[in-house]
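Q: model this:
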Amino acid sequence: MSEDLTAVARFLYEAGTLKNTARTGWWMAGVKEPESVADHSWRTALIATIIAKLEGADPARAAFLAVWHDSQETRTGDVNYLGRKYAPQADPRHVTADQVAQMPEILAQAVRELIDEYEAKESPESVCARDADKLECLIQGVEYKAQGYQNAQRWIDNSRSRLTTKTAHALAEAVLETDSLDWLRTALGESNREQA
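A: I've put the predicted structure just below:
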């Protein structure tokens, strides 16, 4: 390959900072060590594939959008909704353009188009990815609430109210009716009576 990939290498290190970037909104719910943006993005991408498949959209494209949806937070940090009241959020398209400016044009263009699609909220895949973002927050809220953070209910309710697809609504219902450790009990073959 004759292209210089130094800018891509730099971005990969930059992207790694998301593993250490906390999702700051949870601090207001009392969560001392909330999940990272990278943690959130991974499960969001997984959820996006599920929603997209069940909605008849392209699961790979939805996951692709979801993986990149918070990539700008390497430069801006995770600004929660209260913070945005005082410091307007940077345009993700502008941040992305800076992030990919030195990359090979074929890659830079693909990433810019991806962020444009996500921000436009028009394609079925972007709708699924956005619902995945909200549903991931709802699931994380349920997990935090199970750990004793009762104030997480606000995030659960807010996330649920912002879902748009039929599948995301149905998944939210299923999540709210399922204990966060039911997967483990099922895997171990335990009955509900053995939970205590």
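Q: tell me how far residue 61 lies from residue 181.
A: 33 Å (C-beta to C-beta, to the nearest Å). C-beta here means a position set from N, CA and C on the backbone, and glycine is covered the same way.
Q: again, but for residue 137
A: Residue 137 is 20 Å from residue 181, by C-beta to C-beta.
Q: between these two, which has more neighbouring residues?
A: residue 137 (23 against 12; other C-beta atoms under 10 Å).
Q: what residues sit buried inside the helix or strand where that one lies?
A: Per DSSP states H and E, residue 137 falls inside helix 124-146. Within helix 124-146, the residues scored as buried using 16 or more other C-beta atoms under 10 Å are 124-142, 144-145.
Q: by contact count, what packs against that helix?
A: helix 37-55, helix 59-68, helix 105-120, helix 153-161, helix 166-176 (3 or more C-beta pairs under 8 Å, 6 or more residues apart in numbering; DSSP states H and E).
Q: residues contacting the worst-scoring helix or strand of the chain on mean pLDDT, please?
A: Lowest by mean pLDDT, DSSP states H and E among the helices and strands of the chain is helix 81-86, with a mean of 82. Identification of contacts with helix 81-86 by C-beta atoms under 8 Å, 6 or more residues apart in numbering yields 24, 25, 28.
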